[in-house]
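Undergrad: here is my input; please provide its structure:
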Amino acid sequence: MASSINASTTAGVVTTADTSGVLNIQTAGTTAISIDASQAVTMAGRTSNPTTISVGAATPSTSGAGITFPATQSASTDANTLDDYEEGTWTPTVTSGSGSITTYTASATYTKIGRVVCLNIRVTLTTVGTAGGYLRITNLPFSPDVSIGSLTAYGREYQTTGYALSCEITTTPVLLWQKYDGTFLGANGYVFAITAVYFV
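TA: Model prediction:
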């Protein structure tokens, strides 16, 4: 029989007739924490020492150690509270200022820490088609906060000339500027790599 400390609904009860070396801490007769003879701790059915903790109503991850945030952010109004962390992939939409791009491939990842979002984007223009003007990337994973003005990102075209890209994040797209002479920045087979950091 284990020793039990029980906060019952009527009075606290301590049972000490122990021959197992196990200590239970209970509420209303239900064990919340159990400590065995080897000092292993089980809390509400989860064996500890825990390597993962949860925030809010999230279920602690069983994959490695860390802090688990809810799948849907529970936003805090306190500026000093970290209330979200997320990693994932997303599919950028690539368009041009005029005309249209016939075919392209695009892939991207993101990391969101609180209000800060970091994007890594790779775009290959397979067939430029009738595209002209700006090269645009839309369908960002989170809407940017541009209350202090547009935000800047940086990238590079790797296929031929190695143009450095000056990018602007507005309320919906990432805008990649035209080349210095105003012509469309891109041709068949051009590859673009972009890293952007912005606030939501």
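
Undergrad: pLDDT (mean, whole number) over stretch 168-175?
TA: On average, the pLDDT along stretch 168-175 is 78.

Undergrad: buried residues in that stretch, which are they?
TA: Within stretch 168-175, the residues that count as buried by 16 or more other CB atoms under 10 Å are 168, 169, 173, 174, 175. Quick note: C-beta positions are derived from backbone N, CA and C, even for glycine.

Undergrad: before we move on, what about stretch 116-126?
TA: Buried positions in stretch 116-126, judged by neighbour count with 16+ other CB under 10 Å: 117, 119, 121, 122, 123, 124, 125.

Undergrad: now, those that are in strands?
TA: 117, 119, 121, 122, 123, 124, 125 (DSSP state E).

Undergrad: hang on, the earlier thing: nearest to residue 138, of the buried residues of stretch 168-175?
TA: residue 173 (4.3 Å; CB to CB).

Undergrad: how far away is the closest one from residue 139?
TA: Residue 173 is 9 Å from residue 139, where distance means CB to CB, to the nearest Å.

Undergrad: again with residue 130
TA: Taking CB to CB, one finds residue 130 at 21 Å from residue 139.

Undergrad: and the two most separated of the ones in strands among the buried residues of stretch 116-126?
TA: Largest separation among those by CB to CB: 117 and 125, giving 24.7 Å.

Undergrad: ok, back up a step: distance to residue 110 added to the buried residues of stretch 168-175, as TSV?
TA: Below are the buried residues of stretch 168-175 laid out as TSV (distance: CB to CB, whole Å):
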residue	distance to residue 110
168	18
169	13
173	16
174	12
175	18
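
Undergrad: so which of the residues you listed belong to strands?
TA: 168, 169, 174, 175.

Undergrad: of all those, which comes closest to residue 41?
TA: When those are compared against residue 41 (criterion: CB to CB), the nearest one is residue 169, at 47.2 Å.

Undergrad: next, find the distance separating that closest one from residue 30.
TA: Distance of residue 169 to residue 30, computed by CB to CB: 52 Å.

Undergrad: so residue 130 and residue 139 - more neighbours on which side?
TA: Per other CB atoms under 10 Å, whichever of residue 130 and residue 139 has more neighbours is residue 139, with 14 against 11.

Undergrad: how about the closest residue in space to the more buried one that isn't next to it in sequence, what does it touch?
TA: Sequence neighbours aside, residue 93 is the residue nearest to residue 139 in space, at 4.2 Å (criterion: CB to CB, 6 or more residues apart in numbering). Counting by CB atoms under 8 Å, 6 or more residues apart in numbering, residue 93 touches 106, 137, 138, 139.

Undergrad: now the ones in strands among the buried residues of stretch 116-126 as TSV including pLDDT and distance to residue 102?
TA: Formatted as TSV, those follow (pLDDT from 0 to 100; distance: CB to CB, whole Å):
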residue	pLDDT	distance to residue 102
117	91	30
119	91	25
121	91	20
122	91	19
123	92	14
124	92	13
125	92	9
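
Undergrad: got JSON lines for those residues, with distance to residue 83 too?
TA: Listed next are those as JSON lines, based on distance: CB to CB, whole Å:
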{"residue": "117", "distance to residue 83": "14"}
{"residue": "119", "distance to residue 83": "20"}
{"residue": "121", "distance to residue 83": "26"}
{"residue": "122", "distance to residue 83": "30"}
{"residue": "123", "distance to residue 83": "32"}
{"residue": "124", "distance to residue 83": "36"}
{"residue": "125", "distance to residue 83": "38"}
